[in-house]
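Student: Got a predicted structure plus its sequence, pasted below:
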Amino acid sequence: MMADPDVTPLGGCRVIDVSTFLAGPFCTTQLAEFGAEGDQARTAQGRRRAA
């Protein structure tokens, strides 16, 4: 029996990135590599949220 190549470990999970430094976006990218959907919190002006 072969595994479905379209199934990912984090498929169907959603990650919201509210970080402001390098480690946060890097981790979000890594989770996306495993199939999670990623989203970033931004200000009303469309810029990343400041700490």
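Tutor: Received it, and whenever you're ready, just let me know what you need.

Student: Quick check: buried residues in stretch 6-15?
Tutor: Of the residues in stretch 6-15, residue 15 count as buried by neighbour count, 16 or more other C-beta atoms under 10 Å. (Glycine included, C-beta is placed from N, CA and C.)

Student: ends of that stretch, how far apart?
Tutor: Terminal residues of stretch 6-15 are spaced 19 Å apart (C-alpha to C-alpha, to the nearest Å).

Student: and that stretch, average pLDDT?
Tutor: Here the mean pLDDT over stretch 6-15 is 88, rounded to a whole number.

Student: can you give me the offset of it from its chain's centre?
Tutor: Averaging C-alpha positions (C-alpha atoms, centre = their mean, to the nearest Å) puts stretch 6-15 10 Å from its chain's average.

Student: quick one: residue 15 from residue 45, how far?
Tutor: Using C-beta to C-beta, to the nearest Å, we find residue 15 at a distance of 23 Å from residue 45.

Student: Any regions of the protein where pLDDT drops low?
Tutor: Confidence mapping of the chain against pLDDT under 70 gives the ranges 1-5, 46-51.

Student: same thing but at 50, please
Tutor: Using pLDDT under 50 as the threshold, the predicted model of the chain has low-confidence ranges 51.

Student: any idea which residue sits dead centre in it?
Tutor: The residue at the geometric middle of the chain, judged as the C-alpha nearest the mean C-alpha position with C-alpha atoms, centre = their mean, is residue 38 (2.9 Å).
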